[in-house]
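Q: below are the sequence and a predicted model for it; my questions follow.
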Amino acid sequence: MTVLRFATLCVTAFVLVAGCSTTSEPSEETAPSTASGAVKSVDQDALQAAVEVAAMQMRVPGAFVRVRTPQGTVDAAVGATELGTGFEPDAGTHFRIASNTKTLTSALIVLLVQDGLLAFDAPVSEFVPGVPNGENITIAQLLDMRSGLYNYTEAPELAATMDADPAKAWTPQEVLDIAFAQPPNFPPGAEYEYSNTNYALLGLVAEKAGGRPLSELFAERLFRPFGLNETSMPAADDVSIPRPLSHGYMYGESKYALVDEPYPDDLAAAARAGTVAPLDYTHQNPSYATAAGGAISTANDLATWIDALVSGEVFDADMQQQWYDSRRAEDPGTPDGQQYGYGISHQQFGPGVAMYYHGGELPGFNSFIGHDPDNDVTIVIWTNLTLSPDGATTANALLPVVLDQVYEGLDLGSPAPMSTPTR
């Protein structure tokens with residue numbers, strides 16, 4: 001695991017929640033097609049029940065799911081936004097969206113290219129000095145995670161400092177210094193590897209090309225034009241979340257969300273038994289993530305955003321096609337598997353079900369946003385527990401439950417893995 005990372009939703013994640021799916025018999029008026037991949041008429045009670053059971057099994061304090069299909073919008077809200085209270089999450093609850101921020105950063109970069117202020121094949125060294133291999137790393141390689149640069153969120157010292165000084169305001173240069181202290185993992189363009197360093201750099205590139213701070217560029221080019229009135233990029237010293245807000249929780253230290261390190265057996269056992277409470281990470285400073293994962297939003301705004309991004313409302317027609325065409329297989333050995341492009345993943349979840357999506361994870365929160373353009377389906381999931389006692393990324397583990405309520409005939413328990421970029 002690496003903050004704002006890729007977390008794998010494979011068989012183990014599905015098994016955790018597969019038995020949680022509670023369905024009701026459809027009426028004659030709403031009986032869906034039995035064709036594989038066909039969109040159901042989503043039953044709100046069934047969705048609610050399925051999410052409740054899965055969240056309870058994972059000890060998630062609070063979760064919210066929004067599903068939009070051609071038949072309308074269905075929501076499921078479970079638990080509370082803060083432990084010990086009765087404040088139920090809803091579509092307007094603010095939370096930290098972590099790596100879903102990358103969809104915003106990448107869109108801003110693409111718009112700057114569309115404006116003629118950037119080029120995909122330009123080297124990052126034109127905009128940021130001191131980048132290892134910077135003269136050979138292109139903007140496109142940063143966007144699609146092929147730079148080879150070390151991922152700064154994997155450095156143990158980052159998590160240790162975050163726990164020792166949760167309010168610390170980080171600058172992009174500080175996290176880049178962590179990354180650049182390690183040698184690159186491979187030559188630029190040689191392979192795919194998810195790295196938050198790429199997007200820390202893209203934030204600086206956007207500021208240089210756009211001539212203004214990242215928060216101003218987001219507001220001018222994305223938030224205001226697309227009605228994302230509840231979405232924001234906080235200042236580096238701002239640890240607050242606008243109200244109404246969800247608190248965010250995690251068991252143990254930040255390293256369990258930032259580094260690929262499982263919970264110790266005793267902590268996992270205590271969490272499963274309920275004898276240890278998760279820690280409140282709500283006001284840990286997210287400035288270490290910034291362009292890679294620092295934004296705050298709501299389920300309502302994120303549903304609007306992912307719809308607009310995938311359906312072609314953000315870019316002109318030529319640039320939209322380049323955005324679509326940017327996706328390439330993460331593993332060359334499985335060309336039909338998960339793909340990553342300019343700040344977006346694409347995957348076939350079953351016959352007739354393909355989705356553009358991203359995810360987000362940082363200490364306290366986990367989330368997923370996706371849009372299936374062929375069936376006009378949008379899914380947003382967020383939880384206020386990063387990892388379950390068994391180590392599952394909680395929103396990602398809810399995804400098979402939700403997909404089962406939306407589509408007919410998906411076999412999500414098959415050995416083929418599903419992965420979502422989260423950190």
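A: Yep, that arrived. Residues are numbered from 1 along each chain as shown.
Q: the closest residue to Tyr288 other than its chain neighbours: how many residues sit nearby?
A: In space, and not counting its chain neighbours, Tyr288 is closest to Trp170: 4.2 Å by Cβ to Cβ, 6 or more residues apart in numbering. C-betas here are computed from N, CA, C, even on glycine. Residues lying near Trp170 (other Cβ atoms under 10 Å) number 20.
Q: thought Trp170 was touching Ala236?
A: Yes - assessed by Cβ atoms under 8 Å, Trp170 is found in contact with Ala236 at 6.8 Å.
Q: common neighbours of the two, please.
A: Asn285, Ser287, Thr290 (Cβ atoms under 8 Å, 6 or more residues apart in numbering).
Q: quick one: the residues you listed as CSV, columns for distance to Thr101, secondary structure and pLDDT too.
A: Shown next, in CSV, are the shared contacts of Trp170 and Ala236 (distance: Cβ to Cβ, whole Å; DSSP: H, G, I helix; E, B strand; the rest coil; pLDDT from 0 to 100):
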residue, distance to Thr101, secondary structure, pLDDT
Asn285, 15, coil, 98
Ser287, 12, helix, 98
Thr290, 8, helix, 97
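Q: of the residues you listed, which is the most crowded?
A: Thr290 (25 neighbours).
Q: that residue: what's it in contact with?
A: Thr101, Trp170, Pro172, Ala200, Gly203, Leu214, Met233, Ala236.
Q: dump those into JSON lines; add pLDDT as well.
A: Putting these into JSON lines (pLDDT from 0 to 100) gives the following:
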{"residue": "Thr101", "pLDDT": "98"}
{"residue": "Trp170", "pLDDT": "98"}
{"residue": "Pro172", "pLDDT": "98"}
{"residue": "Ala200", "pLDDT": "98"}
{"residue": "Gly203", "pLDDT": "98"}
{"residue": "Leu214", "pLDDT": "98"}
{"residue": "Met233", "pLDDT": "98"}
{"residue": "Ala236", "pLDDT": "98"}
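Q: give me the subset of the residues you listed lying in helices.
A: Thr101, Pro172, Ala200, Gly203, Leu214 (DSSP state H).
Q: which among these gets closest to Asn133?
A: Nearest to Asn133 among the ones in helices among the contacts of Thr290 is Ala200, at 15.6 Å by Cβ to Cβ.
Q: the closest one: neighbour count?
A: Counted with other Cβ under 10 Å, the neighbours of Ala200 add up to 31.
Q: which residues touch it?
A: Contacts of Ala200 by Cβ under 8 Å, 6+ apart are Tyr152, Pro172, Val175, Leu176, Ala179, Thr290, Ala291, Ala292.
Q: and for Ser215?
A: Ser232, Met233, Pro234, Ala235.
Q: now do Leu309
A: For Leu309, the contact set (Cβ under 8 Å, 6+ apart) comprises Thr103, Ala107, Ile344, Tyr356, His371.
Q: same thing with Trp170?
A: Ala236, Asn285, Ser287, Tyr288, Thr290.
Q: local confidence estimate at the closest residue in space to Glu220 that isn't next to it in sequence?
A: The shortest distance from Glu220 to any non-neighbouring residue, by Cβ to Cβ, 6+ apart, is to Arg212 (7.7 Å). Confidence at Arg212, expressed as pLDDT, is 98.
Q: so what are the sheet partners of the helix or strand encompassing Arg68 and their directions?
A: Arg68 is part of strand 62-69, with elements assigned from DSSP states H and E. Under the criterion DSSP bridges, strand 62-69 sits next to strand 72-79 (antiparallel), strand 377-383 (antiparallel) in its sheet.
Q: what residues of the first one count as buried?
A: Applying a neighbour-count criterion of 16 or more other Cβ atoms under 10 Å, one finds Val74, Asp75, Ala76, Ala77, Val78, Gly79 buried in strand 72-79.
Q: tell me which residue is most central in the chain.
A: Gly359 (1.7 Å; Cα atoms, centre = their mean).
Q: so what pairs up with that one in the strands?
A: Beta-bridge partners of Gly359, as defined by DSSP bridges: Phe368.
Q: the helices in this structure, which residues?
A: 11-18, 44-57, 101-114, 139-143, 156-164, 172-180, 196-210, 214-218, 255-258, 265-273, 299-311, 317-325, 394-406.
Q: quick check: closest non-adjacent residue to Arg272.
A: Spatial nearest neighbour of Arg272, chain neighbours left out: Pro389 (4.2 Å); criterion: Cβ to Cβ, 6+ apart.
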